[in-house]
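> Next one to model:
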Amino acid sequence: MKKKKIIVIIISIILLFLILDFWNEMSRKYYCLTEDKCITVWKRSDGYCYIIPGKYTSWFKPKDNYIKADNLDDGFGIYWFNNNPKEIIVDSYNYSIVNNNKDNIQMLEYNKNPKYFENLLYDADGLGDLYLKGTVSKLLIDIKDGYAFTNDGRKL
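Modelled structure (predicted):
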């Protein structure tokens with residue numbers, strides 16, 4: 001009888017850890033500027049997170065159209081053109097983009113051609129959110145601490 005009790009306790013503890021690990025793996029945050037401009041940030045226990053355009057709800061890691069970044073990144077910029085929600089510009093360091101399906105949202109890398117993107121995103125007066133063109137929306141994501149800011153200063 002005593003052995004059964006010990007076995008039940010051990011199995012219960014193992015199940016509790018499995019449930020907590022599953023819950024942690026499934027937790028994600030959705031940041032939306034508008035209904036059609038959302039980003040999913042899915043922090044995983046392996047030290048990486050997936051940044052996925054739209055509201056991603058699958059239990060499985062994405063196979064395409066995502067950004068893989070470090071869980072400790074604290075300044076990840078995403079830009080949308082208001083007249084073209086099928087393209088976003090990614091501004092950060094130490095990330096990789098998997099973007100094979102050209103029918104989905106295209107993710108362009110700011111750092112590959114900063115002068116080109118500066119002209120597209122900012123007025124001639126300067127850089128920074130104050131000079132962001134009216135046709136552009138920005139989301140600044142702090143992956144490490146789990147929040148985001150919009151270009152008009154709202155915290156999501």
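
> all helices of this protein, in order?
2-26, 114-121 (DSSP state H).

> and these, which one's lowest on average pLDDT?
Lowest mean pLDDT within the helices of the chain: helix 2-26, at a mean of 70.

> Identify the spatial nearest neighbour of the most centrally placed residue in the chain, chain neighbours not counted.
Of all residues in the chain, the one closest to the mean position by Cα atoms, centre = their mean is residue 51, 2.9 Å from it. Using Cβ to Cβ, 6 or more residues apart in numbering and skipping the chain neighbours, the partner closest in space to residue 51 is residue 67 (4.1 Å). The way it works is simple: take the backbone N, C-alpha and C, and place the C-beta from them, glycine included.

> For residue 150, give the beta-bridge partners.
residue 139 (DSSP bridges).

> related to what we said a few turns ago, list the contacts for the residue nearest to the centre of the chain?
39-42, 66-69, 76, 78, 95, 141, 143 (Cβ atoms under 8 Å, 6 or more residues apart in numbering).

> ok, 10 Å please
Residues near residue 51 by Cβ atoms under 10 Å, 6 or more residues apart in numbering: 31, 39-42, 62, 66-69, 73, 76, 78, 88, 90, 92, 95, 97, 107, 141, 143.
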